[in-house]
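Engineer: Sequence first, predicted model second:
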Amino acid sequence: MITEDARALLSTGAVCDSCLGRPFAERSFGLTNAERGRALRTTVALADDEDFEPTDPADCWVCEGYCGTFDAISDAIVDALEGTEFATYQVGTRVPPLVEENERLFREDAGLDPDVGESIKREVNREVGRRVGATTETEVDFDRPDVLAIVDLEGFDPLEALESGTVTGHAVDVQVNPAFVYGRYRKLERDIPQTEWPCRECGGSGVQLSDDGEEPCDYCGGSGYMYDTSVEQVVRPHVVDAMNGDEGTFHGAGREDVDARMLEGGRPFVLEVKRPRRRDPDPGELEREINDAADGKVEVEGLRLATHEMVERVKEHDASKRYRTDVEFAEPVDEGAFDAALDELEGTTVEQYTPERVDHRRAGLTRERTVYGIEGDLRSPTEAEVRLHGEGGLYVKELISSDNGRTEPSLAGLLETDAEVTALDVTGVEGEDEPFELEAFFRDEPRTESNDDVAETTG
Ligand SMILES: [Zn+2]
Ligand SMILES: [Zn+2]
């Protein structure tokens, strides 16, 4: 009987309402454990016709006072989150082993299952979480919260906290999860790497040692970088600023060569911002800001607020690529042979042994990739433009040159002359089975042209 169990629990010593209610947490949804405990204490007092004696958490031998500190812990968390915008939270608690032991003894002494009901850990998580949510008007999220507060009960003295109504800040550790912005970039000039590329001579320091001490690095001119800028350096500072974060990481859906342009539809990317204090910047405004500052070298479009799953999406989603290339032949090629070679390559599956230029450390292997479509124009007997659509991972320069026979078939092989790509543009990066941009990966509503127009005319 529930009254007998409660009587047995009360006979173990002074226990607070929360601790008394917790073994019965599975009963009567909608009550707090303190309400359950208070009701049971009342019931036992009436049944036994004893004087009603409430127990203050400060006198409770089970929780040692912690059950009276939920408000104070919540206040400490809310203080620690001051200045950080978030919509969802989660609270986790580390409980002192001694208190966990008390919980077991409490039930055992009363002849109950040592694990019956709820643990104090869950109660603290829920009760503190409820208070944090109510104060900050945010929702709990057990899966991927914007912020996570870890409470270390050993980090403060419960009796002091009951006295003062406050908990020291170091008992609470607040973690802010990263925020993500998705978009597509175009690289309108050559010799811009996708991510920042420290100088290989000075390791990014920009200085070298001389007899007179340090001087600017000869190789990079003191910038510390191999190239003046990168897509990452164009995009990152604006997004990190807009989210008021600590730092940012650029994730691209693959990358083109440094000397290739990225045109037309652009390439998907995600900018991950660490410790953001703002999570909802206006993507349209951010886009305009980046493009204004990039001054025509790089452009971004389609910026949207994304979920963390978007990082894996851009990195792992299978994508086909479109290219435009300028090709030079060692010997004159006639129109008929050129067209016949392209016909031969159209729809074919190519075998490509790992090109030498790719990675000398990587073990060589032969991969098969399909040329979905290919067409071109012979501009002179030794020059052509070739446009193609290929499966992700197709080595295009090698499809043209044959890479000394490592790619088979190839344009050079079919024409029986050396052929070289002198300029390469990527003109499309599209998901093979479905687009990168599924709504499930976004946190905001799709932007419409008319929204943008309104923002531009009023902004
Ligand atoms: Zn207690
Ligand atoms: Zn250098």
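Structural biologist: Ah, there it is. Ligands and ions are numbered 1, 2, ... in the order given.

Engineer: Which residue ranges of the stretch 151-300 of the chain form helices?
Structural biologist: Secondary structure of the stretch 151-300 of the chain (DSSP state H, counting those that start in this stretch): helices located at 158-164, 231-242, 283-294.

Engineer: Relative to R387, which of those is closest?
Structural biologist: Of all those, the one in closest proximity to R387, counting by Cβ to Cβ, is helix 231-242 (23.3 Å). C-beta here means a position set from N, CA and C on the backbone, and glycine is covered the same way.

Engineer: what helices or strands is that closest one leaning on?
Structural biologist: Contacts defined by 3 or more Cβ pairs under 8 Å, 6 or more residues apart in numbering; DSSP states H and E place helix 231-242 against strand 179-187, strand 247-252, strand 261-274, helix 283-294, strand 298-306.

Engineer: Tabulate the CA atom coordinates of the second one in PDB.
Structural biologist: Okay, so that is strand 247-252. Backbone C-alpha positions of strand 247-252 (Å, rounded to 0.1, in the frame of the first residue of the first chain) are rendered in PDB as follows:
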ATOM      1  CA  GLU A 247      35.200  31.500 -34.600                       C
ATOM      2  CA  GLY A 248      34.000  29.800 -37.800                       C
ATOM      3  CA  THR A 249      34.800  26.800 -39.900                       C
ATOM      4  CA  PHE A 250      34.100  26.500 -43.600                       C
ATOM      5  CA  HIS A 251      32.700  23.200 -45.000                       C
ATOM      6  CA  GLY A 252      32.500  22.900 -48.800                       C
END
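
Engineer: Pairing partners for that strand, with directions?
Structural biologist: Under the criterion DSSP bridges, strand 247-252 sits next to strand 261-274 (antiparallel) in its sheet.

Engineer: in the partner strand, what counts as buried?
Structural biologist: Neighbour-count burial for strand 261-274, counted by 16 or more other Cβ atoms under 10 Å, picks out 261-263, 265-273.

Engineer: Could you dump those residues into JSON lines with distance to T166 and pLDDT added?
Structural biologist: Below are those laid out as JSON lines (distance: Cβ to Cβ, whole Å; pLDDT from 0 to 100):
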{"residue": "R261", "distance to T166": "59", "pLDDT": "97"}
{"residue": "M262", "distance to T166": "55", "pLDDT": "97"}
{"residue": "L263", "distance to T166": "59", "pLDDT": "97"}
{"residue": "G265", "distance to T166": "56", "pLDDT": "94"}
{"residue": "G266", "distance to T166": "52", "pLDDT": "97"}
{"residue": "R267", "distance to T166": "51", "pLDDT": "98"}
{"residue": "P268", "distance to T166": "48", "pLDDT": "98"}
{"residue": "F269", "distance to T166": "45", "pLDDT": "98"}
{"residue": "V270", "distance to T166": "40", "pLDDT": "98"}
{"residue": "L271", "distance to T166": "39", "pLDDT": "98"}
{"residue": "E272", "distance to T166": "35", "pLDDT": "98"}
{"residue": "V273", "distance to T166": "32", "pLDDT": "98"}
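
Engineer: For the stretch 301-450 of the chain, which residues score under the pLDDT cut-off?
Structural biologist: 359-362, 449-450 (pLDDT under 70).

Engineer: Please enumerate the strands of it.
Structural biologist: Under the criterion DSSP state E, counting those that start in this stretch, strands of the stretch 301-450 of the chain are mapped to 319-329, 349-353, 366-380, 383-390, 407-408, 419-431.

Engineer: Out of these, the one nearest ligand 1 is which?
Structural biologist: Go through the strands of the stretch 301-450 of the chain one by one with Cβ to the ion and the one that ends up closest to ligand 1 is strand 419-431, at 55.6 Å.

Engineer: sorry, back to before: nearest approach to ligand 2 belongs to which of the strands of the stretch 301-450 of the chain?
Structural biologist: Taking Cβ to the ion, strand 419-431 is the member of those nearest to ligand 2, at 27.0 Å.

Engineer: List of residues touching that closest one?
Structural biologist: In this structure, residues lying in contact with strand 419-431 by Cβ atoms under 8 Å, 6 or more residues apart in numbering are 190, 253-254, 256-257, 259-268, 317-330, 387, 389, 396-397, 400-402, 410-412, 436.

Engineer: go again using 6 Å as the cut-off
Structural biologist: The contact list for strand 419-431, computed with Cβ atoms under 6 Å, 6 or more residues apart in numbering, reads 253, 256, 260-265, 267, 317, 319-329, 397, 400-401, 411-412.

Engineer: Please apply the same query to stretch 272-281.
Structural biologist: For stretch 272-281, using Cβ under 6 Å, 6+ apart, the contacting residues are 83-85, 176, 178-180, 240, 242-249.

Engineer: try 7 Å
Structural biologist: The set of residues external to stretch 272-281 that reach it, using Cβ atoms under 7 Å, 6 or more residues apart in numbering, is 83-86, 146, 176, 178-180, 239-240, 242-249, 251, 305, 311.

Engineer: try stretch 163-174
Structural biologist: The set of residues external to stretch 163-174 that reach it, using Cβ under 7 Å, 6+ apart, is 69, 72-73, 75-77, 79-81, 147, 149-152, 155-156, 161.

Engineer: re the thing from before, select only the buried ones of the contacts of stretch 272-281 in PyMOL?
Structural biologist: Selection of the buried residues among the contacts of stretch 272-281 in PyMOL, burial being defined by 16+ other Cβ under 10 Å:
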select buried, resi 84+85+86+146+176+178+179+180+239+240+242+243+244+245+248+249+251+305+311
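
Engineer: Can you tell me which residues in this protein are near ligand 2?
Structural biologist: 199, 201-202, 217, 219-220 (Cβ under 5 Å from the ion).

Engineer: Please indicate which of the residues you listed are buried?
Structural biologist: 199, 202, 217, 220.

Engineer: Return the distance of the second one relative to ligand 1.
Structural biologist: Yep, that's C202 we're talking about. To ligand 1, C202 is 62 Å away according to Cβ to the ion, to the nearest Å.

Engineer: wait, isn't that residue in contact with P216?
Structural biologist: No. Taking Cβ atoms under 7 Å as the definition, C202 is not a contact partner of P216, at 8.9 Å.

Engineer: L188 and E328, how far apart?
Structural biologist: Computed with Cβ to Cβ, to the nearest Å, the distance linking L188 and E328 is 23 Å.

Engineer: Contacts only, for the most centrally placed residue in the chain.
Structural biologist: By Cα atoms, centre = their mean, the mean C-alpha position of the chain lies nearest to H308, the distance being 3.7 Å. The neighbourhood of H308, defined by Cβ under 7 Å, 6+ apart, consists of 144, 178, 180.
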